[in-house]
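S.K.: Pasting the sequence and the predicted model now:
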Amino acid sequence: MPENTGPAGAPLDDDARAALEELGDIRGSIDNIDAALVHLLAERFKFTQSVGRLKAAHGLPAADPERERRQILRLRALAEESRLDPAFAEKFLNFIVAEVIHHHTQIADAQDVDTSAVAPEDGGPAA
């Protein structure tokens, strides 16, 4: 799109050109934040994978409702402090927690498969 025309090809005045430039800058900032969110989520999931492995190794349940409740309360408070809709923050956390629990369940299931593959068939002690 030429610099002097808008999306429909209509000529732009100086104010419209300035607005489009500002829009591009704002969208660039949004893109940077989106990238940071993806990197932070990846880092978070590295830690939750470690949690899942520990839980599986020690026979702990994949979900921890009390921890989840505390996290929701903490994130709702952080959202309010940041002037973000607390209900949105809670939905976001619930989505993440559901995915984490799914991962923890997969880790535990894989651990069960690994241990049953080496267990003796007669139920006696392993050699």
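M.R.: Everything's here; your move.
S.K.: Report the secondary structure state of residue 9.
M.R.: Assigned by DSSP: H, G, I helix; E, B strand; the rest coil, the conformation of residue 9 is coil.
S.K.: residue ranges for the helices of this protein, please.
M.R.: Secondary structure of the chain (DSSP state H): helices at 14-57, 65-81, 86-118.
S.K.: so the shortest one versus helix 86-118, what angle?
M.R.: Just to be clear, that refers to helix 65-81. Relative orientation of helix 65-81 and helix 86-118, computed by axes from the mean of the first three to the mean of the last three Cα atoms, to 10 degrees: 150 degrees.
S.K.: which helices and strands sit right next to helix 65-81?
M.R.: Contact partners of helix 65-81 among helices and strands, from 3 or more Cβ pairs under 8 Å, 6 or more residues apart in numbering; DSSP states H and E: helix 86-118. Every residue, glycine included, has its C-beta placed from N, CA and C.
S.K.: model confidence over the helix it packs on, on average?
M.R.: Regarding helix 86-118, the rounded mean pLDDT is 88.
S.K.: Give me the buried positions along it.
M.R.: For helix 86-118, burial by neighbour count (16 or more other Cβ atoms under 10 Å) applies to 86, 89-90, 93, 96-97, 100-101, 103-105, 107-108, 111.
S.K.: sorry, back to before: adding distance to residue 8, write the helices of the chain out as TSV.
M.R.: Output for the helices of the chain, formatted as TSV (distance: least, Cβ to Cβ, whole Å):
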stretch	distance to residue 8
helix 14-57	12
helix 65-81	39
helix 86-118	34
